[in-house]
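J.: Fold the stuff below for me.
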Amino acid sequence: MSDSQGTDLQLHEGTLEQDGNHCDSGDCWCWEDRYMVVTRETSNDLMEAVNTFIHQKGWKPLGGVSHQEREDYQLFAQAMTRHM
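T.: Below you'll find the model as predicted:
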């Protein structure tokens, strides 16, 4: 195993395995940097945001798009992951 830095400037407190997978420590900050949900009010805005995360920050979509609609608003969501 070797010490490494994450893709952000924050120092990785754990280690990367030789195969490139992150450590298995639940206390490591990298767990917080591995999963997120992107939300936008329109499907086009969501698509643009997801593409930006994919191409500029190394994120990958996880599953399909979720859509919630209420009387006063609608919300589109995409789960994303990286370093997996």
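
J.: domains of this protein?
T.: The chain breaks down by automatic domain parsing into domains covering 1-33, 35-84.

J.: In terms of mean pLDDT, which of these ranks lowest?
T.: Note on the domains of the chain: domain 1-33 shows the lowest mean pLDDT, a mean of 51.

J.: Output the contacting helices and strands for the longest strand along the chain.
T.: For the chain, the strand with the greatest residue count under DSSP state E is strand 60-69. For strand 60-69, the packing partners by 3 or more CB pairs under 8 Å, 6 or more residues apart in numbering; DSSP states H and E come out as helix 43-57, strand 74-81. All C-beta atoms are positioned from the backbone trio N, CA, C, and that covers glycine.

J.: Could you list the paired strands of it along with their orientation?
T.: Looking at strand 60-69 with DSSP bridges, its partner strands are strand 74-81 (antiparallel).

J.: any idea of the angle the partner strand forms with helix 43-57?
T.: 20 degrees (axes from the mean of the first three to the mean of the last three CA atoms, to 10 degrees).

J.: List phi and psi for residue 70.
T.: phi -130, psi 180 (degrees, to the nearest 10).

J.: scratch that, residue 34 is what I was asking about
T.: phi -110, psi -10.

J.: 730 is where my numbering starts, stick with that
T.: Sure, I'll start counting at 730 from here, so that last one is residue 763.

J.: doesn't residue 810 make contact with it?
T.: Yes. Contact criterion CB atoms under 8 Å: residue 763 and residue 810 qualify, at 5.9 Å.

J.: how about the longest strand of the chain: buried residues?
T.: By neighbour count with 16 or more other CB atoms under 10 Å, strand 789-798 contains no buried residues.

J.: Please apply the same query to stretch 762-769.
T.: Buried residues in stretch 762-769 (16+ other CB under 10 Å): 762-763, 767, 769.
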